[in-house]
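Chemist: 3D model of this:
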Amino acid sequence: MLLLSKKDIQRVFTMGDAVETDKQAFHIYSGGGSVVPLRINLGAPGYEGQTLFMPGYIEELDSMGVKIVSVFPHNIQKGIPTVPATMVLIDGTSGEVCCLLDGTYLTQLRTGAAAGAATDLLARRDARIGALIGTGGQAMTQLEAMLTVRDLREVRIYSTNSERTRSFVTQMQTEFENFGTLLRPVESSEEAVRDADIITAVTTSRQPVFDGRLVKAGAHINGVGSYMPDMQELDEFIIRRADKIFFDSQEAVLAESGDFIIPLASGTISSDKFSGEIGKVVSNNLPGRETPEEITLFKTVGMAVLDIATAYRIYQRALKEQIGQSFSF
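Modeler: Numbering: from 1, shown residues only. Okay, the predicted model is just below:
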C-alpha cells in the first residue's frame, strides 16, 4: 500500500494534469462508464458540519474507492482545513486497498480542476478578468485553475471577511506570481463581478453571494460551494439569464444543491433551462459555447468519479517516479 501526502501529490501532479483528468472523468461518467451512488451525508449539527462518504467504481481504470470528506466551516477559526478528507483507492482487480492519499488536498485539486475544466470548455478564449468569491479552503485551487486555463490580466477577490481577503490575496500573489496576473481584493461582490469574464463562487453561504443582474453578456460562471438543499450561492437572476447551464452530475445537483432545488420549488425556473452534463460537451455530444454573447453556467457538487480518476492517475505517476511511503498492516 502506498501513502501519499500533499507534498507527494504536488511533486507528481500539476493543476493542468488535474484539469485534463477531470475532463476524462466527466466523459466517463456521462457515458455511463462508472458506478457512482449518491453520497451518504451525516450531519454534525452542533458544529454546523457534515461528513460525506463518496464511493465509486470506474471499470475502464480497474479502480474503485471511497473518499471520506467533511465540511466544517468553523475550522477556519481553528487554523485547520474546513474540508478535511482522506481518499482510499482500491485496486479494482483484487479489491485490495492500494493507496491512501491526502484527501483534503485531493478534494481541493479535483474541485478546482472541475471548475477549471468547465471554464476551459465554456469561457471565452479572450477572457481577461476573473472574479473569485470566497477565500476558504477551496479557494486557492479554484484560483489556480482559473489562471491555468485562461490568460487573465486581473482577478478580483471578495469574501465577507475583508482582513482574510487581503491576507489571502497577499499569499496568492506570491504563490502564483509566475502567471503575471494582478490579484486584487475588493470590498463587495458587486465590484468583483461587474465586467468579469469568469466568475467562480466557492462559499458555504445560504443566500446568494452576488447579484446575477450585474453579470455581463459573454461571461462564464462556476457555482462550486452549494452542496446542500439549504445552501444557495447563485441567485435566480443569473440562473434565468444563463443561456446554457451545465452540471457535473445533473442527478446529484438536483438532489443536493439549493442553487437549483430552491428556485425549482418556487417555480422561478423550470428544468427546460438545463443544457445537460459537462461530460457530453467533452465528448462533443452537446455544444458548449456557441456565441461570444452567451452566458454559460457550470454547477458542480462533486462526485466520486473525479476523486477516483484523479487518485488513480496520481497513484500511477507516484509508482513510476517512486514517490511516497510504502507500508502494510
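Chemist: switch to C-alpha atoms for all contacts and neighbour counts from now on
Modeler: Will do.
Chemist: what's the mean pLDDT across stretch 152-160?
Modeler: Average pLDDT, stretch 152-160: 97.
Chemist: ditto for stretch 61-79
Modeler: Averaged over stretch 61-79, pLDDT sits at 92.
Chemist: try stretch 41-49
Modeler: Across stretch 41-49, pLDDT averages out at 93.
Chemist: so T200 belongs to a helix, correct?
Modeler: No - T200 sits outside any helix when classified using DSSP: H, G, I helix; E, B strand; the rest coil, being strand.
Chemist: correct me, but it touches G225?
Modeler: No - if you go by CA atoms under 8 Å, T200 and G225 don't touch, sitting 9.4 Å apart.
Chemist: got a list of what E96 touches?
Modeler: Shown in contact with E96 (CA atoms under 8 Å, 6 or more residues apart in numbering): I90.
Chemist: ok, it to A114 distance?
Modeler: Distance, E96 to A114, using CA to CA, to the nearest Å: 28 Å.
Chemist: just Q138 next, same as before
Modeler: Counting by CA to CA, the gap from Q138 to A114 is 12 Å.
Chemist: with T104 instead?
Modeler: Here T104 is placed at a distance of 15 Å from A114 (CA to CA).
Chemist: looking at the two, which is more packed in?
Modeler: Legend: neighbour count by other CA atoms under 10 Å for T104 and A114, higher for A114 (32 against 23).
Chemist: what's the closest non-adjacent residue to that one?
Modeler: Excluding the flanking residues, the one nearest A114 by CA to CA, 6 or more residues apart in numbering is D22, at 5.9 Å.
Chemist: also S189?
Modeler: Spatially, and ignoring its direct neighbours in sequence, S189 is nearest to F210 (5.5 Å; CA to CA, 6+ apart).
Chemist: now the terminal residues of stretch 93-101, how far apart.
Modeler: Termini of stretch 93-101 sit 19 Å apart (CA to CA).
Chemist: can you check stretch 70-82 too?
Modeler: With CA to CA applied, stretch 70-82 spans 8 Å between its terminal residues.
Chemist: nearest residue to the residue nearest to the spatial centre of the chain in space, please, no chain neighbours.
Modeler: In the chain, the centroid-proximal residue (CA atoms, centre = their mean) is T111; its distance is 2.8 Å. Closest residue in space to T111, ignoring its immediate chain neighbours: G302 at 6.9 Å, by CA to CA, 6+ apart.
Chemist: swap in A201?
Modeler: I133 (4.7 Å).
Chemist: three-state assignment of T160?
Modeler: Counting by three-state DSSP, the backbone at T160 sits in coil.
Chemist: list the buried residues for the strand or helix carrying I261?
Modeler: Using DSSP states H and E, I261 sits within helix 258-266. Across helix 258-266, burial judged by 16 or more other CA atoms under 10 Å covers G258, D259, F260, I261, I262, P263.
Chemist: what's the separation between the first one and A252?
Modeler: What that stands for is G258. 11 Å.
Chemist: need the contact partners of the helix holding I261.
Modeler: 226-236, 253-255, 269-271.
Chemist: go with 6 Å
Modeler: P229, D230, M231, Q232, L234, I269 (CA atoms under 6 Å, 6 or more residues apart in numbering).
Chemist: which elements pack onto the lengthiest helix in the chain?
Modeler: Counting residues, the longest helix found in the chain (DSSP state H) is helix 103-122. Packing partners of helix 103-122 (3 or more CA pairs under 6 Å, 6 or more residues apart in numbering; DSSP states H and E): helix 15-30, strand 85-91, helix 139-149.
Chemist: now do the shortest one and helix 103-122, the angle between them.
Modeler: Which is strand 85-91. 80 degrees (axes from the mean of the first three to the mean of the last three CA atoms, to 10 degrees).
Chemist: ok, now the last one?
Modeler: Interaxial angle of helix 139-149 relative to helix 103-122 (the same axes, to 10 degrees): 30 degrees.
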